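>>> Please work out how this folds:
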Amino acid sequence: MEVLSKIAPVRGVRHRRFGLGGLAVLLTAAFLVTGAGRGEVAAGAAPRLGEALAIERFTLTFEENFDELDVSAWGPGTRWIAHTPWAGDFGDAVFRDPQPDGPFHVEAGMLTIEMRERDGRWESGLLSAADSASRGFLQSGGYFEMRARLPGGPGVWPAFWLGSNAQGGRPNPEIDVLEYYGQFPDAYLATTHVWQDGKSQAGETYRVDVPAHSLEQEFHTFGVAIDRDFVTFYLDRKVVATEPTRAEYLQPMFPMVNLAAGGGWPIEGMKSPSRMRVDYVRVYRAKDEAGS
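Residues are numbered from 1 along each chain as shown. This next block holds a predicted model:
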């Protein structure tokens with residue numbers, strides 16, 4: 001069973017509207033979780049660490065098996081766009097538009113996001129399921145999951161996360177299901193955030209310990225379930241962290257997948273190419289909420 005630790009979040013490091021919330025420095029200090037994270041008081045009993053996901057309670061609402069890839073730079077009309085909807089790309093690699101020599105390759109039902117150095121500049125890729133006008137796929141609550149094998153080595157920064165497009169100064173939720181820093185092959189971070197006016201107003205960061213390099217050697221599923229009571233993180237459909245749900249986390253959100261570089265750590269010696277392989281991205285809604 002993976003060892004779970006919770007880390008107090010640090011604010012004000014990333015200079016963008018909002019973004020992946022777990023800071024790399026947090027991987028060096030943690031304290032043991034003994035219960036749900038701080039936040040609003042939830043009504044029901046918290047899911048137990050190690051408890052298996054009851055997937056039969058959900059119905060599928062979004063399925064990307066990567067038999068082909070429907071992507072454009074900014075949309076509209078494609079299933080994915082290749083940038084964050086708010087044009088807030090990040091990290092030490094440029095997220096390229098889709099093109100024949102670009103970062104996205106699909107073969108035999110598998111997506112590969114390739115990061116490489118070209119003429120002294122690092123280039124990679126990001127996929128977002130919604131654009132700046134919230135055209136695409138968004139869902140309030142439910143279960144979001146990716147099955148993937150991660151790249152390894154110092155400098156790599158793959159992620160699976162949920163974003164939102166709230167406007168007019170309203171708070172924006174963000175949930176980082178997975179952030180993996182290649183310098184630390186024995187753990188990854190899962191994070192919740194509420195962003196407003198460019199600042200993180202609330203949230204928690206959790207470190208999930210795993211056998212060293214195991215996320216690079218085999219495919220694993222990374223998921224989060226959001227309901228009115230709890231936000232619950234899963235590794236291979238087993239609970240690894242949970243916290244009470246804030247109202248902001250029930251806003252419609254969309255999935256994003258990327259392979260970034262750096263994240264606060266040096267990229268010297270980063271392997272070129274580095275590849276993230278994604279088997280699928282799926283989203284489910286609770287059957288009782290779907291009227292089933």
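
>>> and stretch 68-87, how far apart are its ends?
Terminal residues of stretch 68-87 are spaced 25 Å apart (CA to CA, to the nearest Å).

>>> oh sorry, the question was meant for stretch 259-270
13 Å.

>>> Just the buried residues of it, please?
Buried residues in stretch 259-270, counted by 16 or more other CB atoms under 10 Å: 259-265, 267, 270. (Each C-beta comes from the backbone N, C-alpha and C, glycine too.)

>>> same deal with stretch 278-289?
278-286.

>>> Was I right to think G141 contacts V283?
No. Applying CB atoms under 8 Å, one finds G141 not in contact with V283, separated by 10.3 Å.

>>> circling back to that earlier point, next step: the buried residues of stretch 259-270 restricted to strands.
Counted as lying in strands by DSSP state E, out of the buried residues of stretch 259-270, are 259-261.

>>> show me where the stretch 1-150 of the chain has strands.
Assigned by DSSP state E, counting those that start in this stretch, the stretch 1-150 of the chain shows strands spanning 4-7, 31-32, 58-64, 71-72, 80-81, 94-95, 104-107, 110-118, 121-124, 126-128, 142-149.

>>> E51 is nearest to which of these?
Nearest to E51, of all these, is strand 4-7, at 12.5 Å by CB to CB.

>>> for the record, mean pLDDT for the closest one?
Across strand 4-7, the average pLDDT comes to 46.

>>> what's the answer for stretch 282-292, then?
The predicted model gives stretch 282-292 an average pLDDT of 81.

>>> Output it as PDB, nothing but the C-alphas.
Presented in PDB, the C-alpha positions along stretch 282-292 are these (Å, rounded to 0.1, in the frame of the first residue of the first chain):
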ATOM      1  CA  ARG A 282     -12.300   8.900 -19.200                       C
ATOM      2  CA  VAL A 283     -14.900  10.800 -17.200                       C
ATOM      3  CA  TYR A 284     -17.900   9.400 -15.400                       C
ATOM      4  CA  ARG A 285     -21.000  10.800 -13.700                       C
ATOM      5  CA  ALA A 286     -22.500   9.200 -10.500                       C
ATOM      6  CA  LYS A 287     -25.500   7.200 -11.600                       C
ATOM      7  CA  ASP A 288     -27.800   8.700  -8.900                       C
ATOM      8  CA  GLU A 289     -26.900  12.200 -10.200                       C
ATOM      9  CA  ALA A 290     -27.500  11.100 -13.900                       C
ATOM     10  CA  GLY A 291     -31.000   9.800 -13.000                       C
ATOM     11  CA  SER A 292     -30.000   6.200 -13.700                       C
END
